[in-house]
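>>> Let me see the structure of the following:
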Amino acid sequence: MSLVTDTGPALIALDWGTSGQRAWLLGEDGEILDARSAGRGLLTTTEDVDVRDPRARAAAYEAAFRKTCGDWLTAFPALPAIASGMVGSAQGWTDSGYRTVPARVDFTSLVPVPHRDGVLHLVPGLRIPSGEGPGDVIRGEETQLVGVLEALGDPREPVTVVLPGTHGKWVRVEDGLVTDFATAMTGELYGMLIAHGILSRTAADPVRDDAAFLRGLAAGRRSRGLATEAFGARPLVLDGVLAPASLPDYLSGVLIADEVSHLLRDPEIPVVLCGAGDLCRRYTLALADRGVEATVLSEEITARGLWRHARAAGLLEDRLERTLKP
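Numbers count the residues shown, from 1 in each chain. Next up, the predicted model:
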């Protein structure tokens, strides 16, 4: 995607996760001038690399970075660059660490990674330390969260931000402070159950079936337990009640209903959804089933979050100073 604007580029920004990589060339006001998407996530980048060897790992990440952004780096050599996501994990280019919750979302300290074309600045994640129970971590979604809060006008009152995906996040924010969050492996569980085991033998290639999804939501709401309700998809197909191609939507409903039932802790607090369109549609239905009307925002808002991180860390001011030097 390329957009025509009257301003020049000011920042290279990347959302670099486990399975994919999205990159944006941003203008003087953070507007998107160009955008790219590639399957160069952590898994692909390190596929043939000994991740215990930091030099080999760094070389692989630099090569992946240049494949996506090399022409931008050549055309705009003084441009600052920033990235969030698994690129900053222990198996990433460099471990950018975590900030402990409660924490503000205006990250002013980034981790610089030198490379042959300049420096890539990595955004830290967020963590809840383990104590009597397990803790939790966020890496990448903290940037999406910043874009969400800006779109909402940086509210002071509490809000629950739901970021559905492979490892969905439910984040509680109050006056710019992340006070709590929880991760649900709903997307990963769905993928494993559909690809492996008995349900994979029962299902057929999926077709959209909203009725099956709503039936799954209802089963999840009155749940006898997630493991029991998930298996229930098989006898429904065997008895001819559910078409094999509708099993995936039914299972999706069961899993999402279970997640919502456990993580929707205060229905009186506004809920905002941000993610892929179809996922947000499903979560909107699941929340409505609990009497909650959610606001929905596009996941492209991540680019805006990266812009705000760069501005808070002084990367854009540094560029301006370099430009103004005689």
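>>> Let me see the contact set for the residue nearest to L251 when sequence neighbours are not counted.
By the measure of CB to CB, 6 or more residues apart in numbering, the closest residue to L251 outside its immediate chain neighbours is A233, 5.4 Å from it. No exception for glycine: its C-beta is placed from N, CA and C like everyone else's. With contact set as CB atoms under 8 Å, 6 or more residues apart in numbering, A233 has these partners: 199, 202-203, 216, 242, 247, 250-251, 254.
>>> what residue ranges in the chain are flagged as low confidence?
Across the chain, residues meeting the criterion (pLDDT under 70) sit at 1-7, 318-326.
>>> Pull out the buried residues from stretch 253-273.
Within stretch 253-273, the residues that qualify as buried are 253-261, 263-264, 271-273, counting by 16 or more other CB atoms under 10 Å.
>>> Kindly apply the preceding question to stretch 208-215 instead.
209, 212-215.
>>> any idea how far the residue nearest to G125 when sequence neighbours are not counted lies from A83?
The shortest distance from G125 to any non-neighbouring residue, by CB to CB, 6+ apart, is to R139 (3.6 Å). Going from R139 to A83 by CB to CB, to the nearest Å gives 11 Å.
>>> Of these two, which one has the most company?
A83 (30 against 24; other CB atoms under 10 Å).
>>> That one reaches A13, doesn't it?
Yes. With contact defined as CB atoms under 8 Å, A83 counts as touching A13 (7.4 Å).
>>> shared neighbours of those two, which are they?
With contacts taken as CB under 8 Å, 6+ apart, the residues that reach both A83 and A13 are L306.
>>> Go through the buried residues of stretch 208-215 and flag which are in helices.
Assignment to helices by DSSP state H places the following of the buried residues of stretch 208-215 there: 212-215.
>>> Which one of those is nearest to G125?
For these, the residue nearest G125 by CB to CB is F213; the value is 31.9 Å.
>>> Tell me if I'm right that that closest one and L251 touch.
No. Under the criterion of CB under 8 Å, F213 makes no contact with L251, lying 9.2 Å away.
>>> Going along the chain, name the strands of the stretch 151-300 of the chain.
Ranges of strands in the stretch 151-300 of the chain, per DSSP state E, counting those that start in this stretch, are 159-163, 168-174, 177-184, 271-275, 295-298.
>>> Now the last one: buried residues?
Judged by neighbour count using 16+ other CB under 10 Å, the buried positions of strand 295-298 are L297.
>>> Mind giving me the packing neighbours of it?
Contact here means 3 or more CB pairs under 8 Å, 6 or more residues apart in numbering; DSSP states H and E; on that basis strand 295-298 packs against helix 141-151, strand 271-275, helix 277-288.
>>> Direction-wise, compare the last one with strand 159-163 and give the angle.
Counting by axes from the mean of the first three to the mean of the last three CA atoms, to 10 degrees, helix 277-288 points 140 degrees away from the direction of strand 159-163.
>>> ok, back up a step: tell me which of the strands of the stretch 151-300 of the chain sits nearest to D289.
With CB to CB as the measure, strand 271-275 is the member of the strands of the stretch 151-300 of the chain nearest D289 (12.9 Å).
>>> Mind listing residues that contact stretch 303-310?
Outside stretch 303-310, the residues within contact range by CB under 8 Å, 6+ apart are 11, 13-15, 24, 26, 30, 32, 35, 80, 82-84, 106-107, 110, 121, 123, 143-148, 150-151, 316.
>>> repeat that with 6 Å
Contact partners of stretch 303-310, identified using CB atoms under 6 Å, 6 or more residues apart in numbering, comprise 11, 13, 24, 26, 30, 32, 82, 107, 123, 143-144, 146-147, 150, 316.
>>> repeat for stretch 133-152
Contact partners of stretch 133-152, identified using CB under 6 Å, 6+ apart, comprise 17, 84-85, 89, 105, 123, 125-129, 161, 163, 169, 171, 183, 272, 274, 297, 301-302, 304-306, 308.
>>> returning to that earlier point: counting neighbours, which of the contacts of stretch 303-310 end up buried?
Neighbour-count burial within the contacts of stretch 303-310 applies to 11, 13, 24, 26, 30, 32, 82, 107, 123, 143-144, 146-147, 150, 316; the criterion is 16+ other CB under 10 Å.
>>> Which one of these is nearest to I194?
In terms of CB to CB, no member of these lies closer to I194 than Q144, at 25.5 Å.
>>> The residue nearest to L251 and P54, how far apart?
Applying CB to CB, one obtains 45 Å for the distance of A233 from P54.
>>> what about R308, distance to A243?
The separation that R308 has from A243, given CB to CB, amounts to 46 Å.
>>> A90 now?
Distance of A90 to A243, given as CB to CB: 44 Å.
>>> Mind telling me what element R99 is part of?
With the criterion set as DSSP states H and E, the secondary-structure element containing R99 is strand 98-100.
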